[in-house]
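Asker: quick one, structure for this:
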Amino acid sequence: MAGDPWAIVAGVVMSALLALAPWMFMVHAKLAVLAAQMASIQRKMDDLIEANQERLPTCALHEARLGNLDRQVDDLSERLRDTDRGRL
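Answerer: Residues are numbered from 1 along each chain as shown. Model (predicted):
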């Protein structure tokens, strides 16, 4: 009689494992896919950060040039206004 309760417990545990095993494998597979996607996203983000760091000096140079051009246009506009006022 001592072996019967252990056989019942072992049978219940084995049944529970067999019932949960497919679900556990499915969850494991989904987690593996998510981990792969996260690694891919991390790689893409690293590439974007590196590309942004390479473009930053060029953007700063363009911004400085645009500021210089704005000052030149303002200066020319002021000169044209002064010239038009002198004619009147």
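Asker: in the protein, where is pLDDT below threshold?
Answerer: Counting by pLDDT under 70, the chain has low-confidence residues at 1-3, 87-88.
Asker: do that again at 80, thanks
Answerer: With pLDDT under 80 as the threshold, the chain has low-confidence stretches at 1-3, 84-88.
Asker: Q42 sits in which helix or strand?
Answerer: helix 3-87 (DSSP states H and E).
Asker: would you mind measuring from M24 to L31?
Answerer: Summarising the geometry, the distance separating M24 from L31, computed by CB to CB, to the nearest Å, is 11 Å. Just so you know, the C-beta spots here come from the backbone N, C-alpha and C atoms, and that holds for glycine as well.
Asker: what does L80 give?
Answerer: When L80 is compared with L31 (using CB to CB), they lie 69 Å apart.
Asker: ok, now L48?
Answerer: If you go by CB to CB, the gap between L48 and L31 works out to 26 Å.
Asker: report the contact partners of the most centrally placed residue in the chain.
Answerer: For the chain, the residue whose C-alpha lies nearest the mean C-alpha position (CA atoms, centre = their mean) is M45; its distance is 5.0 Å. By CB atoms under 8 Å, 6 or more residues apart in numbering, no residues touch M45.
Asker: for it, give its distance to Q53.
Answerer: For M45, the distance to Q53 equals 13 Å [CB to CB].
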